[in-house]
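S.K.: Got a predicted structure plus its sequence, pasted below:
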Amino acid sequence: MEPEKDITRLIQDWQGGNRAAEQALFEALYRTLHGIALHCLRSEREAGSMCATALVHEAYLRFANAERLSVGDRSHFLALAARVMRRIIVDRARARKSEKRGGDNQREDLSNSLVGSVEDADEVLAVDFALDKLDHESPRQARIVELRFFGGFSIEETAAALGVSTRTARRDWQLARLRLKLAIDGARDL
């Protein structure tokens, strides 16, 4: 059922409070969401399908518990899903770092294998720091990184999702990668 018009209709029905549409939307996009989760976890050592499945389910819970979301279409929804998954991974990295410092033990909904070690947590937090810095300096470039790196979008899909030309998306992607590398290297030195 995944033609663009059907997905947009499900999104509109879901935003209107139709719980059946919410479930149908996630069922229709489950494979795509699972692919996004795999992209989000690709740098993790233990990024098996169980972890990706857990990440999709955690993202679903966050969507289901959100107050009011303004989602326009399939691309916008998937971009938002990639951002939510990134936040989940960063939250887990912070929890892992907290454990290292003797932080309070807290029950976690996801397996700790999302962030396998303190070193992995350091890397996830360095990337998050760099993305936050990029978002402050160039929000569009930060969205492009989220869509390309975390969402697995192609340059063409990214351009369409952001409403820019393919050439602009490609140029911003190149600039964003350079800026991120510099920011990540700087964050590691802290």
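M.R.: In hand now; what should we look at?

S.K.: which helices and strands sit right next to the lowest-mean-pLDDT helix or strand in the chain?
M.R.: Least confident helix or strand of the chain, by mean pLDDT, DSSP states H and E, is helix 118-137 with a mean of 76. Contacts defined by 3 or more Cβ pairs under 8 Å, 6 or more residues apart in numbering; DSSP states H and E place helix 118-137 against helix 74-100, helix 139-145, helix 166-188. C-betas here are computed from N, CA, C, even on glycine.

S.K.: Can you pull out the low-pLDDT segments for this protein?
M.R.: For the chain, applying pLDDT under 70 flags the ranges 1-2, 43-50, 67-68, 98-121, 186-190.

S.K.: let's see it at 80
M.R.: Residue ranges of the chain with pLDDT under 80: 1-5, 42-51, 64-72, 92-128, 149-151, 183-190.

S.K.: any chance of the helices and strands packed on helix 118-137 in a markdown table, with distance to residue 133 and mean neighbour count too?
M.R.: Formatted as a markdown table, these follow (distance: least, Cβ to Cβ, whole Å; neighbours: other Cβ atoms under 10 Å):
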| stretch | distance to residue 133 | mean neighbour count |
| --- | --- | --- |
| helix 74-100 | 14 | 20 |
| helix 139-145 | 9 | 21 |
| helix 166-188 | 5 | 16 |
